[in-house]
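Colleague: Structure for the following, please:
(2 chains)
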There are 2 protein chains.
Amino acid sequence: MAVYTDVSADDLDAFLADYDLGKLLSYKGIAEGVQNSNFLLHTEAGYFILTLYERLVAVEDLPFFVALMEHLAVRGINCPQPVRMRDGKTLGELCGRAAAIVTFLDGVWMRRVEARHCAAVGEALAKLHLAAADFSGHRANALAVPKLRPLFESCADRIDTIQHGMLDAIGAELDFLEGVWPRDLPQGVIHADLFPDNVFFLGEELTGLIDFYFACNDMLAYDVAICLNAWCFENDHSYNVTKGRALLQGYARVRPLTDGELSALPMLARGAALRFLATRVVDWLNVPPGALVRPKAPQEYFRKLRFHQHARSVHDYGIEARELA
Amino acid sequence: MAVYTDVSADDLDAFLADYDLGKLLSYKGIAEGVQNSNFLLHTEAGYFILTLYERLVAVEDLPFFVALMEHLAVRGINCPQPVRMRDGKTLGELCGRAAAIVTFLDGVWMRRVEARHCAAVGEALAKLHLAAADFSGHRANALAVPKLRPLFESCADRIDTIQHGMLDAIGAELDFLEGVWPRDLPQGVIHADLFPDNVFFLGEELTGLIDFYFACNDMLAYDVAICLNAWCFENDHSYNVTKGRALLQGYARVRPLTDGELSALPMLARGAALRFLATRVVDWLNVPPGALVRPKAPQEYFRKLRFHQHARSVHDYGIEARELA
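Modeller: Below is the predicted model:
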């Protein structure tokens, strides 16, 4: 559920007065997303998405996100395009929150991922990386692997209540990754959260990417590693080599991976699993009383981490390095 | 939040194959309503609402609700109109639940009710009563006042944990209302849940009524009494005579109230307050562990009940009987 702030028609009318979208005809809160309040807006100009940025999102980051979406849309990436107010601004204020209107994208997200979806996602991710190459904005990755230790430390005394032995395992993994985490791989703007619910399809075709609110500058191959975690495991948390192969091939068709990226991939996948384990652990242990959102179980990423720890090379992800370079 | 059942694109494609709505372009769960799962559907034929009826709704009642909406829509009441499948059916099955597609209504519901909205609601309610007069379906009111006692008894031992003295007060009210509850007032199909979030406006104009899933046969004036409870109290639970006057006048302009209805109004309003107090008390005391929906506080209707207990006649609702007959 993702409507934390309810909006009155009067407030919304006043907000829309700064846009050239005609009269408000309807708006409905959308039960998707977890960070912000989203509404499907119908005005005389068509259908749009209205997002109210809740307090979890740093207001100073919003211009980066909005400018990135605009930059990508201009370059042919099918993503929500910020709608400008008459004075050219793309960010306003509504109900005491920063707010933006973006275009509505058709398409549905895949609840049942198949290898062909993974191939399409790999390709779309590479296109996104290329399209963002000349984007001038910069945002550090707040959840980069070197920044995960304080997150785990904030709830260290309760981590073993989730699963016995988890605290020690995480500590050892942090020690290892902090020592070997690469610094010389190709960098750029990454999506950093390209999970199935952020990718739209129509029939066989991938038609859109949404939710750029974790986008940041980091290693491009780390984004690939995030997608391996997000798309290529089954519901029982087993890794599917056919899906992994499809995703990596799809990516490399558009942007071949360097030797350094290829050999770092298992380690980047470990880092990505640890990053999602970190936020899941924190969310799991910090459910506010009366919360309306039930956090996702952390164990899933603990299992995925175990898989990556045993991977020796991209071979274990379903493909040979020579096929990707 | 009102998406209890998530639907995959494949399942939805299969469901839509029975309709003439073209291809699925998009669907989003809607964070409104509390009983069912609702999705805003975009197909090649336009925008629609897809409802999955969750287990709280008795499947045997669905044909009544759907036929009523169709009956009212044909008679010019702007309400969701069930979309027929190619074989003429309006109810199907999706993800193991009964499901229907209805037309999408533009309009926004009023978070800040003013007297002019109350006038419009009164008028729309009377039109609904007249339009339903020749509807052949019949559904007993499962929450009629004579049926409330077992609801309270199901959690009697915990009612005073909500507010000290509530149990005795409810018992006395049940004793009183069961003794005097009228049986000879004009009957018909009532909406029974016409709260602000079920009434759409565009500008000054009331443009639609939704959510007929409590509709049933009962006294028409009882529906008016429900609206007095739902529309004419302020956030501090004080009664607003200007709003009450507007609502009653609006109703009587379309369907004048009988003497019997007028003199019964304070009692009907007590019954209506007790009915919403009953479901709120039960919901409040029976929150399942891990529930995603926080129930509404019951005290609001305890306060409203107190107001109605002190009302002597329609005069106390802001108007004189001679103005309404």
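Colleague: For stretch A:176-186, what is the distance to the chain centroid?
Modeller: Averaging C-alpha coordinates over stretch A:176-186 and over its chain gives two centres that are 21 Å apart (Cα atoms, centre = their mean, to the nearest Å).
Colleague: Hmm, I typed the wrong one, I wanted stretch A:168-186.
Modeller: The chain centre lies 21 Å from the centre of stretch A:168-186; the measure is Cα atoms, centre = their mean.
Colleague: do stretch A:23-38 as well
Modeller: Offset of stretch A:23-38 from its chain centre (Cα atoms, centre = their mean): 19 Å.
Colleague: just stretch A:276-289 next, same as before
Modeller: Computed by Cα atoms, centre = their mean, the chain-centroid distance of stretch A:276-289 equals 17 Å.
Colleague: neighbouring contacts of it?
Modeller: For stretch A:276-289, the external contacting residues (Cβ atoms under 8 Å, 6 or more residues apart in numbering or on different chains) are A:143, A:148, A:151-152, A:154-155, A:158-159, A:161-162, A:166, A:170, A:229, A:294-298, A:300-302, A:305. Bear in mind the C-beta positions are built from the backbone N, C-alpha and C, glycine included.
Colleague: how about a cut-off of 7 Å?
Modeller: Contacts made with stretch A:276-289 from outside it, assessed by Cβ atoms under 7 Å, 6 or more residues apart in numbering or on different chains, are listed as A:143, A:148, A:151-152, A:154-155, A:158-159, A:162, A:229, A:295-296, A:298, A:301-302, A:305.
Colleague: Ramachandran angles for residue A:48?
Modeller: phi -140, psi 170 (degrees, to the nearest 10).
Colleague: again with residue A:219
Modeller: Taking degrees, to the nearest 10, you get phi -70, psi 130 for the backbone angles of residue A:219.
Colleague: and it, how many neighbours does it have?
Modeller: One way to gauge burial is a neighbour count; for residue A:219, by other Cβ atoms under 10 Å in any protein chain shown, it gives 25.
Colleague: and the longest helix along chain A, average pLDDT?
Modeller: As assigned by DSSP state H, the longest helix anywhere in chain A is helix A:259-285. Averaged across helix A:259-285, pLDDT comes to 95.
Colleague: So which residues of the stretch 201-325 of chain A form helices?
Modeller: With helices called from DSSP state H, counting those that start in this stretch, the stretch 201-325 of chain A shows them at A:220-231, A:241-254, A:259-285, A:299-310.
Colleague: Is it possible to get CSV of these that adds mean neighbour count?
Modeller: Converted to CSV, the helices of the stretch 201-325 of chain A look like this (neighbours: other Cβ atoms under 10 Å in any protein chain shown):
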stretch, mean neighbour count
helix A:220-231, 26
helix A:241-254, 21
helix A:259-285, 22
helix A:299-310, 18
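Colleague: Present those helices as TSV; the columns should include distance to residue A:93.
Modeller: Output for these, formatted as TSV (distance: least, Cβ to Cβ, whole Å):
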stretch	distance to residue A:93
helix A:220-231	32
helix A:241-254	39
helix A:259-285	27
helix A:299-310	36
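Colleague: Relative to residue B:247, which of those helices is closest?
Modeller: Using Cβ to Cβ as the criterion, the shortest distance between residue B:247 and the helices of the stretch 201-325 of chain A is 45.3 Å, found for helix A:259-285.
Colleague: Off-centre distance for that closest one?
Modeller: 13 Å.
Colleague: do the same with stretch A:125-142
Modeller: Averaged C-alpha coordinates place stretch A:125-142 at 13 Å from its chain's average position (Cα atoms, centre = their mean).
Colleague: Give me the contact list for it.
Modeller: By Cβ under 7 Å, 6+ apart, the list of residues contacting stretch A:125-142 from outside reads A:61, A:64, A:67-68, A:71-72, A:75-77, A:188-189, A:191-192, A:194, A:209, A:216-218, A:220, A:223-224, A:227, A:251, A:254-255.
Colleague: Next step: these restricted to strands.
Modeller: Secondary structure defined by DSSP state E assigns A:188, A:189, A:209, A:216, A:217, A:218 of these to strands.
Colleague: out of everything not next to it in sequence, what's closest to the last one?
Modeller: If I follow you right, that is residue A:218. residue A:141 (4.4 Å; Cβ to Cβ, 6 or more residues apart in numbering or on different chains).
Colleague: Kindly state the pLDDT recorded for the residue positioned nearest the centre of chain A?
Modeller: Central residue of chain A (Cα atoms, centre = their mean): residue A:193, 1.4 Å from the mean position. In the predicted model, residue A:193 carries a pLDDT score of 96.
Colleague: do the same with the one 5 residues further on
Modeller: Confidence at residue A:198, expressed as pLDDT, is 95.
Colleague: For the closest residue in space to it that isn't next to it in sequence, give me phi and psi.
Modeller: Counting by Cβ to Cβ, 6+ apart, residue A:198 lies nearest to residue A:211, which is 4.5 Å off, once chain neighbours are set aside. Comment: the main-chain dihedrals of residue A:211 come out as phi 60, psi 80, following degrees, to the nearest 10.
Colleague: quick one: residue A:211 from residue A:51, how far?
Modeller: The span separating residue A:211 from residue A:51 equals 10 Å under the rule Cβ to Cβ, to the nearest Å.
Colleague: who has more neighbours, those two?
Modeller: Just comparing residue A:211 and residue A:51: by other Cβ under 10 Å the higher neighbour count belongs to residue A:51, 28 against 23.
Colleague: I figured that one hits residue A:98, correct?
Modeller: No. At 8.9 Å, residue A:51 does not count as touching residue A:98 under the criterion of Cβ atoms under 7 Å.
Colleague: Could you list the domains of chain A?
Modeller: As given by automatic domain parsing, the domain ranges for chain A are A:9-103, A:115-323.
Colleague: Quick check: which of the ones you listed is nearest to residue B:35?
Modeller: Of all the domains of chain A, it is domain A:9-103 that lies closest to residue B:35, at 14.3 Å by Cβ to Cβ.
Colleague: So is the closest one next to chain B?
Modeller: Yes. Legend: contact between domain A:9-103 and chain B by Cβ under 7 Å from any Cβ of the partner chain is shown at A:9-10, A:24-32, A:40, A:42.
Colleague: For PyMOL, write the selection for the buried entries among these.
Modeller: Command for PyMOL that selects the buried part of the residues of domain A:9-103 next to chain B, burial taken from 16 or more other Cβ atoms under 10 Å in any protein chain shown:
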select buried, chain A and resi 9+24+25+26+27+28+29+30+31+32+40+42
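Colleague: Near the nearest residue to residue A:200 once chain neighbours are set aside, how many other residues are there?
Modeller: With Cβ to Cβ, 6+ apart as the measure, residue A:107 is the residue that lies nearest to residue A:200, at 2.6 Å, once sequence neighbours are left out. Residue neighbour count, defined by other Cβ under 10 Å, stands at 23 for residue A:107.
Colleague: can you tell me how far residue A:107 sits from residue A:199?
Modeller: Using Cβ to Cβ, one gets 8 Å for the distance from residue A:107 to residue A:199.
Colleague: separation between the residue nearest to residue A:262 when sequence neighbours are not counted and chain B?
Modeller: Sequence neighbours aside, residue A:321 is the residue nearest to residue A:262 in space, at 4.7 Å (criterion: Cβ to Cβ, 6+ apart). Note on residue A:321: its distance to chain B, by Cβ to the nearest Cβ, to the nearest Å, is 35 Å.
Colleague: Please apply the same query to residue A:271.
Modeller: For residue A:271, the distance to chain B under the criterion Cβ to the nearest Cβ works out to 30 Å.
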